[in-house]
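Engineer: Provided below are the primary sequence and the corresponding predicted coordinates.
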Amino acid sequence: MKGLAKKAVCLVMSLVMIGSLVGCSKKSDKSSDEVVSAASDVMDALIARNGKKLSKAGDFSDETIALIDSLKESDAVSAIMDKAKCEVDAESVKESKKGTSVKVAVTYPDVAAALADGVASEEDLKEAIDAQKEKEYSKVDLTLEFSKEDDAYTLTNGDDVAGDLYASVFSALEGMGGEKSVVTEKDPTDTEPTVTTDTVPTDTEPTTPPTEPPAASSATYDVVVFSDDKTVIHFNKVDSEGVHFTVENLSDRDIKIQASSLSVDGLSIINIIMSDDVPAGGSAEVIAKCETPIYEKIGTVSGRLRVIDSNDYSNSYDAHFDTVVIDDTAGVEPAAPTGTLLAEDENLQVYFKEITSEGVVFEMVNLTALDIQTLINSVAINGRNLADFDSYYEDLAPHSMGEIVAQCKDLDLSEAVGTVSGQFDFSEPDRSFDEYRLTANTTIIDDTVTVTPPEVQGTTIYEDENVRITFEKLSDKGPLYFVENLTDYDLIVQAESLSVNMRGIYDVFLSMHTAPHSVCEVVGKGDIDASQQVGMVGGAFIIANPDDRKSNYMVHLDNVVVDGSVTVETAPEGTLVYEDENVRIYFKEVREKGVAFDVENLTPYNLTMQDHDLQLNGVEPDGTLMSDDVAPHSVSEIFVKCKPDTSVTVTEVTIDFSVFTWDDKVKTYHAIAENVAIG
């Protein structure tokens, strides 16, 4: 799925915003949330293979940045990583004198299994991967380590994390040429083929090969934009390579310079690559590689450069500079917005500019002397919420304007834009103010355009003053729904469980921001028989307002009738090991990557099931992990991920599963069964 990395991270972040979805066991505090956010940013960039983002997210070598960037060109790697999901374990956050760590679990298709049937081409590999079920995916456990400076977290083990994430992918692809074929890297031991040419007659004048024209460049300057007792930073010039600085390192330690934000003549530069070394007691040229307009003279620059102590990350800090005058004779007009104002406050202005083949373009103006990070949460064009777009945190330099794009290639460029609504997320890396949001509520862009919201078809399965949810039909990817946001603010709609004909969909994924007063067609992704006739649908949704967490609530849908003429029958599989007034739990089978149970939910509520103990023949498998949901009055498979011994027949099972509802409709209790005979 396009942008799955971003969506997985959005899911993690929405869980943080919503609060604990398993109120009995998870704790949340500000520092933990900040680490989870930092880890999410890192994993977002790694899975999306965005080297530019990685250079901002932590300490990565130039070789790793180049490698990760090059992986975007590999269809094989894209087929794998576009299906990746990650989960940041908020409870694993540990702080010590050495730093802060957090554990992350990443699942993606089992490449070795996909190749087992003699796959010989990338097209065959894609088909094998598409045929894989998520429960068959590989899992990689990562530990991310951060240093903390002024409440900001910086990744310190970037190369190790990147290596661990991609190691099994490269290893499995060895049969298709290995890492070099994936990256299309030239082997340094290869020699150039011999080229045979006709002999040039001796009476012919040699032809002087044409020379490359010099790169376009501004005038060269030597203006100090930042200085303290450790570092002096000089601005030099702008050319086709990027923005050039000279850095004097006054300390006795080697440092690395990275760019968080940068603007030239009031235009903030998006997508900067910069990670240059400066030796102890020396100086060096550092270059913020980017694309930016080149004027003959440069009027002002603003930005935030990160000064990283390579030996002790606790000594790292930010070098801020705000609208430093470079040449007062430049006469360059500062960048100014050209679009329609959507929202503003004392810190920011957000304008809609246009839609292009890349997506929806916004102009955002930073009115402060601070570096501000921006994120687009939701966008609706003419009342149609965009469900499949990519947005990453982008930095706006102090007192600058930048173009921020909600990347979406499914836009109809011939569509005239009549109205726009959406929500935009802002934070200040130095924590001068708390993260907050600006909401644009149905702003008229062109009053000559007749706006017709998308047509909603199907059966309304839930409606209140905030949201209306309509079941449309089944698709190969899962059930399709229309979600209508009826409010003046952004709503997060997240499916905890979904069922069709009283059978739950395992590991369903549906989590999205919806713009004010918009309609969105969205799929609840999961493994399902799309050919079946639908008689009933059920499940549970959390409806969340990011600006008012206390108002979040859960909607339990207890088998809403879609077609009364369809006979609905479902039955659990396996051996009954536990029963009470709420659930019946059946042991099904042991699989290579865990143990499957069927759970029959006897209540009208969504039930969450978590593993506390599992023993097979008196032995607890390694690495047990489970947190699955069961839709109201349905039979759903739950899966305890672990490493069981598949060579031994299971004759006896012990379980201890916690059972509860997110909103305490069913108070937390333990479903315990000891030494139940199987077979």
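Structural biologist: Cool, got the structure.

Engineer: and the helices in the chain, which stretches?
Structural biologist: Remark: helices assigned in the chain by DSSP state H are 4-18, 30-48, 51-57, 62-70, 75-81, 111-115, 122-130, 158-172, 178-183.

Engineer: all strands for the stretch 201-350 of the chain, in order.
Structural biologist: If you assign secondary structure with DSSP state E, counting those that start in this stretch, the strands in the stretch 201-350 of the chain sit at 223-227, 231-239, 242-249, 255-264, 267-268, 275-278, 283-289, 300-309, 317-325, 340-344, 348-355.

Engineer: could you dump those to JSON lines with distance to residue 413, mean pLDDT and mean neighbour count?
Structural biologist: From N, CA and C alone the C-beta is placed, and that goes for glycine too. Rendered in JSON lines, the data for the strands of the stretch 201-350 of the chain read as follows (distance: least, CB to CB, whole Å; pLDDT from 0 to 100; neighbours: other CB atoms under 10 Å):
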{"stretch": "strand 223-227", "distance to residue 413": "40", "mean pLDDT": "97", "mean neighbour count": "17"}
{"stretch": "strand 231-239", "distance to residue 413": "32", "mean pLDDT": "97", "mean neighbour count": "20"}
{"stretch": "strand 242-249", "distance to residue 413": "30", "mean pLDDT": "96", "mean neighbour count": "21"}
{"stretch": "strand 255-264", "distance to residue 413": "29", "mean pLDDT": "92", "mean neighbour count": "25"}
{"stretch": "strand 267-268", "distance to residue 413": "25", "mean pLDDT": "95", "mean neighbour count": "24"}
{"stretch": "strand 275-278", "distance to residue 413": "36", "mean pLDDT": "90", "mean neighbour count": "20"}
{"stretch": "strand 283-289", "distance to residue 413": "30", "mean pLDDT": "94", "mean neighbour count": "18"}
{"stretch": "strand 300-309", "distance to residue 413": "33", "mean pLDDT": "92", "mean neighbour count": "24"}
{"stretch": "strand 317-325", "distance to residue 413": "36", "mean pLDDT": "94", "mean neighbour count": "18"}
{"stretch": "strand 340-344", "distance to residue 413": "18", "mean pLDDT": "97", "mean neighbour count": "17"}
{"stretch": "strand 348-355", "distance to residue 413": "6", "mean pLDDT": "96", "mean neighbour count": "20"}
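
Engineer: and of these, who's closest to residue 373?
Structural biologist: strand 255-264 (8.6 Å; CB to CB).

Engineer: show me how far that closest one is from its chain's centre.
Structural biologist: Between the mean C-alpha point of strand 255-264 and the mean C-alpha point of its chain there is a distance of 23 Å (CA atoms, centre = their mean, to the nearest Å).

Engineer: so residue 339 touches residue 355, yeah?
Structural biologist: No: with contacts counted by CB atoms under 8 Å, residue 339 stays clear of residue 355, the gap being 11.3 Å.

Engineer: can I get the strands of the stretch 201-350 of the chain in CSV including distance to residue 606?
Structural biologist: Formatted as CSV, the entries for these read as follows, by distance: least, CB to CB, whole Å:
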stretch, distance to residue 606
strand 223-227, 54
strand 231-239, 54
strand 242-249, 52
strand 255-264, 42
strand 267-268, 44
strand 275-278, 46
strand 283-289, 49
strand 300-309, 44
strand 317-325, 45
strand 340-344, 35
strand 348-355, 36
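
Engineer: between those strands, which one is nearest to residue 581?
Structural biologist: Shortest distance between residue 581 and the strands of the stretch 201-350 of the chain, using CB to CB, is found for strand 340-344: 50.2 Å.

Engineer: show residues contacting the closest one.
Structural biologist: In this structure, residues lying in contact with strand 340-344 by CB atoms under 8 Å, 6 or more residues apart in numbering are 349-352, 362, 420, 422, 424, 438-440, 443, 445.

Engineer: out of those residues, which is nearest to residue 106?
Structural biologist: When the contacts of strand 340-344 are ranked by distance to residue 106 (CB to CB), residue 424 comes first, at 28.3 Å.

Engineer: quickly note the distance from that closest one to residue 467.
Structural biologist: Remark: distance between residue 424 and residue 467 (CB to CB, to the nearest Å) = 21 Å.

Engineer: domains of this protein?
Structural biologist: Domain assignment for the chain by automatic domain parsing gives 4-183, 223-325, 342-364+382-391+402-444, 459-561, 575-677.

Engineer: show me how far the last one is from its chain's centre.
Structural biologist: On the basis of CA atoms, centre = their mean, the separation between the geometric centre of domain 575-677 and that of its chain is 30 Å.

Engineer: again, but for the third one
Structural biologist: What separates the centre of domain 342-364+382-391+402-444 from the centre of its chain is 17 Å, taken as CA atoms, centre = their mean.

Engineer: quick one on the thing from earlier: for the domains of the chain, which has the smallest mean pLDDT value?
Structural biologist: Looking at those, the lowest mean pLDDT belongs to domain 4-183 (a mean of 68).

Engineer: quote the end-to-end distance of stretch 427-434.
Structural biologist: From its first residue to its last, stretch 427-434 covers 7 Å (CA to CA, to the nearest Å).

Engineer: same question for stretch 391-399.
Structural biologist: With CA to CA applied, stretch 391-399 spans 22 Å between its terminal residues.

Engineer: list the buried residues in it.
Structural biologist: Taking 16 or more other CB atoms under 10 Å as the neighbour-count basis, stretch 391-399 is seen to contain the buried residues 391-399.

Engineer: again, but for stretch 359-370
Structural biologist: For stretch 359-370, the neighbour count (16+ other CB under 10 Å) marks 359-368, 370 as buried.
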